[in-house]
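> please find the sequence and the predicted model below.
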Amino acid sequence: MGIFSRTRDIIAANFTDLLDKAEDPAKMIRMIIMEMEETLIEVRASAARSIADQKEMRRQVAKLDKLQESWTEKAELALSKDREDLAKAALVEKQKAGDMAESLRSEIALLDDGLRAAEADIAKLQGKLREARTRQNAIVSRLESAQNRFRMREMYAGTKVDEAFSRFDVLERRVDYAEGQADALSLGAPGKTLEEEIAELQSSEKIDAELAAMKAARGKSSQEG
């Protein structure tokens, strides 16, 4: 059983009331749209059948009109031959054809009224369907926004953020420990003794004296040459 049972129910429906009463508005609006699309298909199919019936009836009316003309000609022929009885019988058949044609014209007129009503209903249904789809888009957008806000609030209010920052603290402590190990390697390293520092100075003086002697020798050699 659908939400709506007839076309008029859909046209008269108040979507706001339906959605306010629904536990799941998104599901309700999908059901409404599905019901309306099915109803539109049914109304159009019914209209198509009425149009096909009208065409058939108009063909029958045209045939009956020609039949009436034929009986009229036959009645006139019978009268010209002084056969009033045959002329009367021909007119009776003409009347029968005329009555049938008139009955079909009445049915065609009724179908015209029905098609005009169907056309108006289709236009209203399409308007309602556009409204429902617009509401659906709005509901989906609001629902997604609400879900996103809920997830954000759950994230900040929950333990996930705290757990993430606690992991940062652990990593920082590991880095501190690694740096401490590197610094600890330089602790207690033995320094130079006084004798070692004096020995380095003496070695440096010897090198400087040897370098000066070499320069002097080179200068004397160049003067003699």
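In hand now; what should we look at?
> same question for the helix or strand harbouring residue 10, mean pLDDT?
Using DSSP states H and E, residue 10 sits in helix 7-12. For helix 7-12, mean pLDDT is 74.
> tell me if I'm right that residue 132 and residue 31 touch.
No - using C-beta atoms under 8 Å as the test, residue 132 is too far from residue 31 to be in contact (10.2 Å). All C-beta spots, glycine's among them, are computed from the backbone N, C-alpha and C.
> more neighbours: which of these two?
residue 132 (22 against 16; other C-beta atoms under 10 Å).
> please report how far that one lies from residue 30.
Per C-beta to C-beta, to the nearest Å, residue 132 is found 9 Å from residue 30.
> residue ranges with poor pLDDT in this structure?
1-6, 22, 142-143, 145-165, 168, 181-192, 222-225 (pLDDT under 70).
> where do the helices sit along it?
7-12, 15-21, 25-80, 84-157, 160-185, 194-224 (DSSP state H).
> what packs against the shortest one?
Other elements packing on helix 7-12 under the criterion 3 or more C-beta pairs under 8 Å, 6 or more residues apart in numbering; DSSP states H and E are helix 25-80, helix 84-157.
> what does that helix rub up against?
If you take C-beta atoms under 8 Å, 6 or more residues apart in numbering as the criterion, helix 7-12 is touched by 4, 35, 36, 39, 43, 121, 124, 125, 128.
> returning to that earlier point: what would the helices and strands packed on helix 7-12 look like in JSON lines with distance to residue 173?
Shown next, in JSON lines, are these (distance: least, C-beta to C-beta, whole Å):
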{"stretch": "helix 25-80", "distance to residue 173": "48"}
{"stretch": "helix 84-157", "distance to residue 173": "25"}
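> ranking those by burial, who's on top?
Ranked by mean neighbour count, these are led by helix 25-80 with a mean of 15 (mean count of other C-beta atoms under 10 Å).
> contacting residues for the nearest residue to residue 60 once chain neighbours are set aside?
Closest residue to residue 60 apart from its sequence neighbours, by C-beta to C-beta, 6 or more residues apart in numbering: residue 104 at 5.7 Å. Going by C-beta under 8 Å, 6+ apart, residue 104 touches 57, 60, 61, 64.
> if I look at the residue nearest the centre of the chain, how far off is residue 40?
Closest residue to the average C-alpha location of the chain: residue 137 at 8.0 Å, with C-alpha atoms, centre = their mean. Distance, residue 137 to residue 40, by C-beta to C-beta: 19 Å.
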